[in-house]
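In: Quick one: sequence plus predicted model below, questions after.
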Amino acid sequence: MILDELANHARERVAAAKVKLPLDEVKAKAEALPRGDFRFEKALAGKDLAFICEVKKASPSKGVIDEQFDYLAAAMQYEEAGADCVSVLTEPKWFLGSDEIFRAIRLMVDVPLLRKDFTVDEYQLYESKAMGADAVLLICALLDTETLKTYLAVCDALGLSALVEAHDEAEIVSAARAGARVIGVNNRNLKDFSVDLQNAARLREKAPAGTVFVAESGVSSPGDVKALRRAGADAVLVGEYLMRSLDKPAALRGLREAAQ
């Protein structure tokens, strides 16, 4: 399964990172920074429909999405067009992302940033904080409930938000038990990469009251956004559709209008 490969490669990357900068040092670096104010989740709450716009060059299912990949221009266009948050892929092997891309974008935009990677070690939470992230991704398929609880406690101490990603009812239960405040349902199955836009709609009622519910992946038209809004999503995460657009601000405006 590709998810297992992604997780294994993430573990290899963490091991290499620890050689360069040990855990106690990256932890001290993160904890020396001002505590965050959870502005990622605040940016998603209380809106008709919030938009997390993603910067990514490639994916395991589609290969290279944007040959040119002017990531700074994409992030700045998202911000100017009213994106509530921006997601930046840092996974290097299949998504062709990097920490350097994230840091460069952080210097250029003020909106809350989600570091989108495959979190398999507490080290990555401190690393993300030190990089300037406002939020991290925690995937239920990779982390059991107790590990999620531990990681969420670290995030809370640092002032980081966590987008806790589920794909089925059991994973939503795990996210809720761990205390997730932002639950994302991925419409793409990370085991076989099939897409079912109804997945978020089916699982919406399973998320606890008061949590921010994010529909992730699979948006390919304004009609999809309209359907997800109708299904009760608080926010949508849109990547490929926007990355393929030659006019990203116009594409985002179209999605916003569909959510009205």
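Out: Structure's in. What do you need? Just so you know, these numbers come straight off a predicted model, no measurement behind them.
In: can you pull the pLDDT of the nearest residue to residue 94 once chain neighbours are set aside?
Out: What sits nearest to residue 94 in space, not counting adjacent residues and going by Cβ to Cβ, 6 or more residues apart in numbering, is residue 60, at 4.4 Å. (C-beta placed from N, C-alpha, C; glycine too.) With respect to pLDDT, residue 60 has a value of 84.
In: tell me, how many neighbours does residue 250 end up with?
Out: Residue 250: 12 surrounding residues under other Cβ atoms under 10 Å.
In: Run a quick neighbour tally on residue 184.
Out: Residue 184 has 31 nearby residues by other Cβ under 10 Å.
In: for the stretch 151-260 of the chain, what are the low-confidence residue spans?
Out: For the stretch 151-260 of the chain, the stretches flagged by pLDDT under 70 are 190-192.
In: Strands of that one, start to end?
Out: For the stretch 151-260 of the chain, the strands defined by DSSP state E, counting those that start in this stretch occupy 161-166, 182-186, 212-216, 235-238.
In: Find the residue at the geometric middle of this protein.
Out: residue 116 (4.6 Å; Cα atoms, centre = their mean).
In: Near the spatially closest residue to residue 173 that is not a sequence neighbour, how many residues? Count them for me, please.
Out: By the measure of Cβ to Cβ, 6+ apart, the closest residue to residue 173 outside its immediate chain neighbours is residue 206, 7.6 Å from it. Applying other Cβ under 10 Å, we find 18 other residues in the vicinity of residue 206.
In: you'd agree residue 206 is up against residue 170?
Out: No. The pair residue 206 / residue 170 is not scored as a contact, 9.8 Å apart, by Cβ atoms under 8 Å.
In: picking that back up, let me see the contact set for the residue nearest to the centre of the chain.
Out: Each residue near residue 116 by Cβ atoms under 8 Å, 6 or more residues apart in numbering is listed here: 54, 56, 87, 88, 89, 90, 91, 97, 137.
In: what's the closest non-adjacent residue to the fifth one?
Out: The one in question is residue 89. residue 97 (3.6 Å).
In: what does the first one give?
Out: Nearest in space to residue 54, with sequence neighbours left out and distances taken as Cβ to Cβ, 6+ apart, is residue 239 at 3.4 Å.
In: Next up, phi/psi of the one you found, please.
Out: phi -120, psi -80 (degrees, to the nearest 10).
In: correct me, but it touches residue 245?
Out: No. Taking contacts as Cβ under 8 Å, residue 239 lies outside contact range of residue 245: 11.1 Å.
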